[in-house]
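**Q** I'd like to go over a predicted model; first the sequence, then the structure.
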Amino acid sequence: MARYTGPKTKISRIFGEPILGNGKWLGKNSNPPGQHGAARKRKTLGEYALQLREKQKAKYTYGVLERQFRKTFEEAQRLKGVTGENLIKLLEARLDNTIYRMGLTASRPEARQLVNHKHVTVNGEVMNIPSYQCKPGDVIGYRPKSAVNSAVTSKSRGKNPKFGWVDWNETEMKGTFITFPERENVPENIKEQLIVELYSK
């Protein structure tokens, strides 16, 4: 699967959740995509289909391709603790997701673009790799030239206080990745155990 650039609401309708945006159209048309819509009788999904669906949901949510996702899962297996929870922690620690959690952008794709265009620094060094794994204590900020560019900084919407594992100082235009989040603090509706079962076959 190449990186998805099509209609976001279509993907949200597949899963019945606003995983790629605010989902304001889901109430009006929350049927799965297809010309028959709700009239088409859909069979109950089997075990494998449910597991695959959950993996696809996680990939779309975090904007990760299959090979990257598989590598992240293998890394999660090597870490101590529950593999599913480790997977979510590693996905949350990606640089593009961390910028999104800090409130510098309205979406993860915007955060990815911010990193790709070299507007972001990590510990004072310009970083243009969205998949960079943040480590506790990493200081993230704007590049000096970008910090005075209103086109870049105007995307900021302020940090949500419920994301306690990241911090952002509006005055200094710098933030810190404090620690890896606990699973119960991550709001994404992903059943990571199904993903573990899928890769364990």
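**A** Thanks, I have it.
**Q** now the helix or strand R67 falls within, how far from the centre of its chain.
**A** Under the criterion of DSSP states H and E, R67 resides in helix 66-78. Taking CA atoms, centre = their mean, to the nearest Å, one finds the center of helix 66-78 at 15 Å from the center of the full chain.
**Q** repeat that for stretch 106-126.
**A** Stretch 106-126 has its C-alpha centroid displaced from the chain centroid by 14 Å (CA atoms, centre = their mean).
**Q** report the rounded mean pLDDT for it.
**A** Stretch 106-126 shows an average pLDDT of 93 in the prediction.
**Q** one step back: what residues sit buried inside the helix holding R67?
**A** Within helix 66-78, the residues scored as buried using 16 or more other CB atoms under 10 Å are Q68, F69, T72, F73, A76. Glycine gets a C-beta too; all of them are placed from N, C-alpha and C.
**Q** and of the residues you listed, the nearest to C134?
**A** Taking CB to CB as the measure, T72 is the one of those closest to C134, at 13.5 Å.
**Q** not counting sequence-adjacent ones, nearest residue to the closest one?
**A** Sequence neighbours aside, L90 is the residue nearest to T72 in space, at 5.2 Å (criterion: CB to CB, 6 or more residues apart in numbering).
**Q** do R53 as well
**A** Nearest non-adjacent residue to R53, counting by CB to CB, 6+ apart: L45, 6.9 Å away.
**Q** so that neighbour sits in a helix?
**A** No: the assignment for L45 (DSSP: H, G, I helix; E, B strand; the rest coil) gives coil, which keeps it out of a helix.
**Q** how much space between it and K174?
**A** 45 Å (CB to CB, to the nearest Å).
**Q** surely T121 is in a strand?
**A** Yes: counting by three-state DSSP, one finds T121 located in a strand.
**Q** that one touches D138, doesn't it?
**A** No: between T121 and D138 no contact is recorded; they are 10.4 Å apart, counting by CB atoms under 8 Å.
**Q** what's next to whichever strand or helix holds I88, contact-wise?
**A** Element membership for I88, per DSSP H and E: helix 83-92. Where contact means CB atoms under 8 Å, 6 or more residues apart in numbering, the residues beyond helix 83-92 that reach it are 58, 62, 64, 72-73, 75-77, 79, 97-98, 101, 133, 165, 180-183, 186, 188, 190, 192-193, 195-196.
**Q** and of the buried residues of helix 66-78, the nearest to I14?
**A** For these, the closest approach to I14 (CB to CB) belongs to F69, at 17.6 Å.
**Q** number of residues surrounding the nearest residue to the closest one once chain neighbours are set aside?
**A** Of all residues not flanking F69 in the chain, K59 sits nearest, at 5.4 Å (CB to CB, 6+ apart). By the criterion of other CB atoms under 10 Å, K59 has 19 neighbours.
**Q** let me know how buried K201 is, in neighbour terms.
**A** Summarising burial for K201: neighbours were counted as other CB under 10 Å, giving 6.
**Q** how close does it get to V126?
**A** Applying CB to CB to K201 and V126 gives a distance of 41 Å.
**Q** ok, L52 - contacts?
**A** The contact partners of L52, taken as CB under 8 Å, 6+ apart, are L198.
**Q** perfect, that will be all.
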